[in-house]
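*Asks:* The sequence and its predicted three-dimensional model are supplied below.
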Amino acid sequence: EPEVTQTPSHQVTQMGQEVILRCVPISNHLYFYWYRQILGQKVEFLVSFYNNEISEKSEIFDDQFSVERPDGSNFTLKIRSTKLEDSAMYFCASTLRDTNEKLFFGSGTQLSVL
Amino acid sequence: DQQVKQNSPSLSVQEGRISILNCDYTNSMFDYFLWYKKYPAEGPTFLISISSIKDKNEDGRFTVFLNKSAKHLSLHIVPSQPGDSAVYFCAASMPNNDMRFGAGTRLTVKP
């Protein structure tokens, strides 16, 4: 079965540094998402992306965050100046249609900000 | 933001018995509900869903029940198997596809 892939699986960075989390969604999917899960807490929606622009974003997704689909396959999440509280597992997800279709999640990138 | 609540952080059942995982929601705008299963070091995987116009959806050993008046849904797994041991997330989606997740319930099925 096709899958969403995320790299790296673990990322350690210093506070204030920029990080880019990478995702390759399923090839024919059109809608892309980033979620995060802080250790011990629930999965939180960050942003959805369709047709090369942000469709929805949560209050977590402030000016420090940005997303990009630089080519036909990658979908990236950039955090410009990381904070300690950005430490979390970040999940990328994709779906074919915007009709409550089930999301296919990647296995996540564990981000640790020191 | 506690629009979706899973009040039981953990549940332990014996193999072969029924597992019942519960979820409550507060936002009446939710029109679609999903359950995801998550193993350690993996992303959540879709399990089963239900539209708000239905009250039951069944897929093999998994059945989801929706009680709209109580804003409550539950996932029944019967019979439970050790491989079902995982964290189960309840999710609710609005018409704009904004999805909210519960905190998860860790299910342990003992052989």
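*Replies:* In hand now; what should we look at?
*Asks:* Which helix or strand in chain B has the lowest average pLDDT?
*Replies:* Least confident helix or strand, chain B: strand B:99-101 with a mean of 85, by mean pLDDT, DSSP states H and E.
*Asks:* List the strands paired with it, with their directions.
*Replies:* Strand B:99-101 has its sheet partners listed here by DSSP bridges as strand B:86-93 (antiparallel).
*Asks:* which residues touch the strand it pairs with?
*Replies:* Contacts with strand B:86-93, where a contact means C-beta atoms under 8 Å, 6 or more residues apart in numbering or on different chains, come from A:42-43, A:100, B:3-4, B:6, B:21, B:23, B:25, B:27, B:30-39, B:44, B:47, B:73, B:75, B:99-102, B:104-107. Glycine gets a C-beta too; all of them are placed from N, C-alpha and C.
*Asks:* Which of the three states applies to the residue in chain B that chain A sits nearest to?
*Replies:* For chain B and chain A, the shortest gap (C-beta to the nearest C-beta) falls at B:Gly43, measuring 3.3 Å. Assigned by DSSP: H, G, I helix; E, B strand; the rest coil, the conformation of B:Gly43 is coil.
*Asks:* How about the residues of chain B by chain A?
*Replies:* Within chain B, the residues that sit near chain A (C-beta under 8 Å from any C-beta of the partner chain) are B:4, B:31-32, B:34, B:36, B:41-46, B:49, B:51, B:89, B:91, B:93, B:96-104.
*Asks:* Nearest to chain B: which residue in chain A?
*Replies:* Counting by C-beta to the nearest C-beta, chain A gets nearest to chain B through A:Phe105 (3.3 Å).
*Asks:* OK, contacts around the nearest residue to that residue once chain neighbours are set aside?
*Replies:* Closest residue to A:Phe105 apart from its sequence neighbours, by C-beta to C-beta, 6 or more residues apart in numbering or on different chains: B:Gly43 at 3.3 Å. Going by C-beta under 8 Å, 6+ apart, B:Gly43 touches A:Val4, A:Gln6, A:Phe91, A:Ala93, A:Phe105, A:Gly106, A:Ser107, A:Gly108.
*Asks:* Identify the farthest-apart pair in those residues.
*Replies:* Maximum pairwise distance among the contacts of B:Gly43 (C-beta to C-beta): 11.2 Å, between A:Ala93 and A:Ser107.
*Asks:* out of these two, which sits in the more crowded spot?
*Replies:* More neighbours surround A:Ala93 than the other of A:Ala93 and A:Ser107, with 27 against 19 (other C-beta atoms under 10 Å in any protein chain shown).
*Asks:* From B:Ser85, how far off is B:Ser10?
*Replies:* B:Ser10 sits 11 Å away from B:Ser85, taking C-beta to C-beta, to the nearest Å as the criterion.
*Asks:* which residues are common contacts for those two?
*Replies:* Jointly contacting B:Ser10 and B:Ser85 under the rule C-beta under 8 Å, 6+ apart are B:Leu107, B:Thr108.
*Asks:* Mind checking which of these two has more residues around it?
*Replies:* Higher neighbour count among B:Ser10 and B:Ser85: B:Ser85, with 18 against 10, using other C-beta under 10 Å.
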